[in-house]
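Participant: No sequence on hand, only this structure:
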């Protein structure tokens, strides 16, 4: 079996992740932040260590300004629903995932103004188009760091500088890049970094979070949920300090044990080494697909300008048929369709049919890419 | 001061307590996270207990790291 669905969730996970989660369940078990007994404190230490590892990975100065959520979607919703008010203006790109588009469309109904800046069909965004879209009432720029469909990397650092220059809050959706591509929230001018734990960070599902920069007025950012935090229990009002303001309810401590382990493992490997490996895989894949006359490849077509995600179509075959045959006849697992990103597919010109997506990861090999290329080539030959 | 005299540092949350534990550990100051004494606060969380004779050195280390805390009480 060849697993090429890492853009949905990475697999396999590093053994240290499984060991950390197993250790938590066997030896710790308690609820972090609640109770003062040794096991509860041990659970709190594990969660804090995960915050600390993520702060180091993203060069965030304060681990306590990292808020854990259950996935990147929750983190993005917290930012968009929590920060924007009727009459505010928001700028996004045409490559956003529905994790951004759906809350944004709902906010539009409530009076938030939205400008979607068009990217080219290959996924290129001109930062000057972002700057030209800024209005007097613009409050936030929200940008996908990389398309989940084509892997196209967007110019986050350049847009970050624009946001700073205009005093705007800059939200980055790092679902596809956290762990696979270097992210420095300070150097890149990122005020809100939403990340998921289970993709390129190689942690378990059910983990994610938000890095909240110093420029963000925490009192303006309304929590999505309110409830028990284990702190200030004598009060019926939500705490105003981080991370508790945004972390009501019992945390996914076993998941965060795994996430902490995976982030430490990532830093041992080195993001640069991971990126280098994934660039080599992506180059091989793009070059091989482009040699096939009946295959159309989307995106930047340059491994340096994208993540290890590549989408394509085979002339004469529906994406769903390609996906099913790759699975059933070749044991190659990928994702077909619209990838929860209709806006991106409209930008690419593949809406509503969609595409076949190969999401490569650190554990994939050149040999697997070559095997998959041979399989796709056979499929193209089967088209009458 | 005897080794049986303690000071507690009250914090907003267990996360803040863990941070202080790390700061104090780096400064080689012994500390323990314990439930907040009820006569000091009705909070159900933990606080950081140190030996009273380490109090000044501990506060110096904490302030050097700009680590947040709420109050300090001798118990």
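Facilitator: Done, it's in. These numbers were taken from a predicted model, which means no experiment stands behind them.

Participant: pLDDT (mean, whole number) over the helix or strand where residue A:261 lies?
Facilitator: Element membership of residue A:261, judged by DSSP states H and E, is helix A:253-269. Regarding helix A:253-269, the rounded mean pLDDT is 98.

Participant: and that helix, what does it pack onto?
Facilitator: Using 3 or more CB pairs under 8 Å, 6 or more residues apart in numbering or on different chains; DSSP states H and E as the contact test, the elements touching helix A:253-269 are helix A:15-23, helix A:38-58. Quick note: C-beta positions are derived from backbone N, CA and C, even for glycine.

Participant: Just name the most buried of those helices.
Facilitator: helix A:38-58 (a mean of 21; mean count of other CB atoms under 10 Å in any protein chain shown).

Participant: now that helix against helix A:15-23, angle please.
Facilitator: 160 degrees (axes from the mean of the first three to the mean of the last three CA atoms, to 10 degrees).

Participant: Specify the next element, helix or strand, located C-terminal of the helix holding residue A:261.
Facilitator: helix A:271-290.

Participant: Tell me which other helices or strands that next one touches.
Facilitator: strand A:295-297, strand A:309-314, helix A:366-382.

Participant: So what touches that helix?
Facilitator: Outside helix A:271-290, the residues within contact range by CB atoms under 8 Å, 6 or more residues apart in numbering or on different chains are A:57, A:151, A:179-182, A:266, A:295, A:297, A:301-304, A:306-308, A:310, A:312, A:358, A:360-362, A:364-366, A:369-370, A:372-373, A:376.

Participant: Okay, buried residues for it please.
Facilitator: A:271, A:274-275, A:277-286, A:288-289 (16 or more other CB atoms under 10 Å in any protein chain shown).

Participant: Report the contact partners of the residue of chain B found nearest chain A.
Facilitator: Proximity of chain B to chain A (CB to the nearest CB) peaks at residue B:35, 3.2 Å away. Residue B:35 sits next to A:35-37, B:44-47 when contact means CB under 8 Å, 6+ apart.

Participant: switch to 7 Å and redo it
Facilitator: Residue B:35 is in contact with A:36, B:46, counting by CB atoms under 7 Å, 6 or more residues apart in numbering or on different chains.

Participant: ok, now residue A:25?
Facilitator: By CB under 7 Å, 6+ apart, residue A:25 lies in contact with residue A:254.

Participant: Give me the pLDDT value at it.
Facilitator: 98.

Participant: Determine the three-state secondary structure at it.
Facilitator: helix (DSSP: H, G, I helix; E, B strand; the rest coil).

Participant: With distance to residue A:196 as extra columns, can I get the helices and strands packed on helix A:253-269 in CSV?
Facilitator: Conversion of these to CSV gives the following (distance: least, CB to CB, whole Å):
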stretch, distance to residue A:196
helix A:15-23, 14
helix A:38-58, 12
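
Participant: ok, back up a step: quick check, nearest of the buried residues of helix A:271-290 to residue A:354?
Facilitator: Closest approach between the buried residues of helix A:271-290 and residue A:354, by CB to CB: residue A:289, at 16.5 Å.

Participant: For the closest one, report the pLDDT, please.
Facilitator: At residue A:289, pLDDT is 98.

Participant: and what of residue B:26?
Facilitator: 96.

Participant: The one 4 residues further on too?
Facilitator: In the prediction, the pLDDT value recorded for residue B:30 is 97.

Participant: and the helices and strands packed on helix A:253-269 as a markdown table, adding distance to chain B?
Facilitator: Formatted as a markdown table, the helices and strands packed on helix A:253-269 follow (distance: least, CB to the nearest CB, whole Å):
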| stretch | distance to chain B |
| --- | --- |
| helix A:15-23 | 17 |
| helix A:38-58 | 4 |
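
Participant: circling back to that earlier point, from the helices and strands packed on helix A:271-290, which stretch is densest packed?
Facilitator: Most buried among the helices and strands packed on helix A:271-290, given mean count of other CB under 10 Å as the contact rule, is strand A:309-314, at a mean of 26.

Participant: strands paired with it, and their directions?
Facilitator: strand A:295-297 (antiparallel), strand A:355-359 (antiparallel) (DSSP bridges).

Participant: any idea of the angle the last one forms with helix A:366-382?
Facilitator: Angle of strand A:355-359 versus helix A:366-382, following the same axes, to 10 degrees, is 170 degrees.

Participant: How far off centre is strand A:355-359?
Facilitator: 16 Å (CA atoms, centre = their mean, to the nearest Å).

Participant: SS state for whichever residue of the stretch 51-200 of chain A sits closest to chain B?
Facilitator: Across the stretch 51-200 of chain A, no residue is closer to chain B than residue A:64, which sits at 5.7 Å (CB to the nearest CB). The local conformation at residue A:64, judged by three-state DSSP, is helix.

Participant: And it, how far from residue A:237?
Facilitator: When distance is defined by CB to CB, to the nearest Å, residue A:64 is 20 Å away from residue A:237.

Participant: Looking at these two, which one has more neighbours?
Facilitator: Between residue A:64 and residue A:237, counted using other CB atoms under 10 Å in any protein chain shown, residue A:64 has the larger neighbour count: 23 against 7.

Participant: Can you verify my assumption that the more buried one contacts residue A:244?
Facilitator: No - contact between residue A:64 and residue A:244 fails when scored by CB atoms under 7 Å: they sit 9.3 Å apart.

Participant: What's the local residue count around the nearest residue to residue A:196 once chain neighbours are set aside?
Facilitator: For residue A:196, ignoring the flanking residues on the chain, the nearest one in space by CB to CB, 6 or more residues apart in numbering or on different chains is residue A:72 at 3.8 Å. Neighbourhood size, residue A:72 [other CB under 10 Å]: 27.

Participant: Contacts only, for residue A:7.
Facilitator: A:148, A:176, A:199, A:309, A:357, A:359.

Participant: got the angle between the longest helix along chain B and helix A:38-58?
Facilitator: Assignment by DSSP state H gives helix B:14-26 as the longest helix of chain B. Relative orientation of helix B:14-26 versus helix A:38-58 (the same axes, to 10 degrees): 80 degrees.
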